[in-house]
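Colleague: Everything below, folded, please.
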Amino acid sequence: MSPSIEKLLIIQDRDRRALQLDQELRRIPVERAEVDARAKAATSRLEELKLKAKQVESERKELENQVGTKREQINKWRGQQVLTKKNEEYQALTHEIEGAEKEIFRIEDKELDLMDRAEKLAAEIKKEQQVLAEISAIAQRQKDTLGQREGAIKAELETLKADRGALCKDVDESVMSRYERIMRHRKDSAVVPVQHGICGGCHLQIPPQVMHQAKSSEELVTCDQCGRILYWSREFEPAPQGAVH
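Modeller: Residues are numbered from 1 along each chain as shown. Alright, predicted model coming up:
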């Protein structure tokens with residue numbers, strides 16, 4: 001294997017690791033948003049319950065005011081009963097009082113229903129508050145972990161960048177330019193082994209002459225099909241005849 005190939009393989013290893021780290025780094029904001037969304041959903045559920053409880057309390061107070069108004073009317077009519085001397089007026093006031101008292105009973109039944117709803121909502125709110133506290137605690141731990149991971153990735157990327165820069169100085173400029181052009185186009189790899197007569201990149205058969213050049217030449221040899229730089233690896237050499245496996 002030529003020194004240029006050896007150096008390119010090291011650089012390629014750094015580039016692959018950098019690509020992997022960059023992909024992880026891009027996922028972190030998405031994961032952070034998902035964590036925030038879960039906490040936000042729990043907060044929304046709690047706020048919705050609180051709003052329902054507020055509405056129930058508002059309705060209960062309105063009914064309470066209605067009862068108060070009815071009682072004031074009853075007291076007023078009873079005062080008028082004391083003063084009236086006409087039986088018809090007295091009976092009419094009695095009828096009004098009885099109607100108002102029935103209305104009070106009806107309103108108070110509604111109040112009891114609302115009080116029951118308020119009690120159930122209070123229990124739900126308490127439970128949801130506990131759920132939110134747990135989700136918020138988990139979310140904070142997850143965000144702390146993501147933050148630490150983000151910092152570690154950025155630090156490793158900086159190290160890889162500096163390491164790569166130093167490695168590139170030892171590679172011929174034209175070779176480096178060729179490698180980077182292939183890497184930009186192929187994304188995954190620019191330098192691949194010859195594997196049993198097959199290109200390690202596109203997995204197509206390599207002509208014998210090209211395979212021989214990859215094995216013996218110090219010059220860069222490329223695959224006719226995908227354009228990747230080829231190198232010969234002893235790992236993929238055929239076993240000698242009569243060798244014991």
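
Colleague: And Gly227, how far from Arg186?
Modeller: For Gly227, the distance to Arg186 equals 8 Å [CB to CB, to the nearest Å]. In short, each C-beta sits where N, CA and C put it, glycine included.

Colleague: what's the domain layout of this protein?
Modeller: Listed by automatic domain parsing, the domain ranges of the chain are 3-168, 173-236.

Colleague: Now the weakest link among the ones you listed, please, by mean pLDDT.
Modeller: Note on those: lowest mean pLDDT is at domain 173-236, with a mean of 89.

Colleague: quick revisit: how about the domains of the chain in TSV, adding mean neighbour count?
Modeller: Shown next, in TSV, are the domains of the chain (neighbours: other CB atoms under 10 Å):
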stretch	mean neighbour count
domain 3-168	14
domain 173-236	16
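
Colleague: Point me to the helix or strand that includes the residue nearest the centre of the chain.
Modeller: Nearest to the mean C-alpha position of the chain, counting by CA atoms, centre = their mean, stands Glu34 at 2.2 Å. Glu34 is part of helix 3-83 when elements are defined by DSSP states H and E.

Colleague: In terms of secondary structure, what does the helix or strand following that helix contact?
Modeller: Once the chain leaves helix 3-83, the next helix or strand it forms, by DSSP H and E, is helix 87-168. For helix 87-168, the packing partners by 3 or more CB pairs under 8 Å, 6 or more residues apart in numbering; DSSP states H and E come out as helix 3-83.

Colleague: got the contact list for Lys7?
Modeller: Lys7 sits next to 167, 170-171 when contact means CB atoms under 8 Å, 6 or more residues apart in numbering.

Colleague: mind putting those in CSV, distance to Ile135 included?
Modeller: Converted to CSV, the contacts of Lys7 look like this (distance: CB to CB, whole Å):
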residue, distance to Ile135
Leu167, 46
Asp170, 53
Val171, 52
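
Colleague: distance of the residue lying farthest from the centre of the chain from Gln91?
Modeller: When each C-alpha in the chain is compared with the mean C-alpha position (CA atoms, centre = their mean), Lys85 comes out farthest, at 80.0 Å. Between Lys85 and Gln91 the computed distance is 13 Å (CB to CB).

Colleague: Ok, Ser2 next?
Modeller: For Ser2, the distance to Gln91 - CB to CB - is 120 Å.

Colleague: And Val171, by the same measure?
Modeller: From Val171 to Gln91 the distance is 113 Å (CB to CB).

Colleague: residues touching Lys154, list them.
Modeller: Leu25.

Colleague: Mind doing that once more with 7 Å?
Modeller: Listed by CB atoms under 7 Å, 6 or more residues apart in numbering, Lys154 has no contact partners.

Colleague: and if you look at Met183?
Modeller: Residues counted as contacts of Met183 (CB under 7 Å, 6+ apart) are 15, 190.

Colleague: Tell me the helix or strand right after the helix or strand hosting it.
Modeller: Per DSSP H and E, Met183 falls inside helix 173-186. Next helix or strand after helix 173-186 toward the C-terminus (DSSP H and E): strand 191-195.
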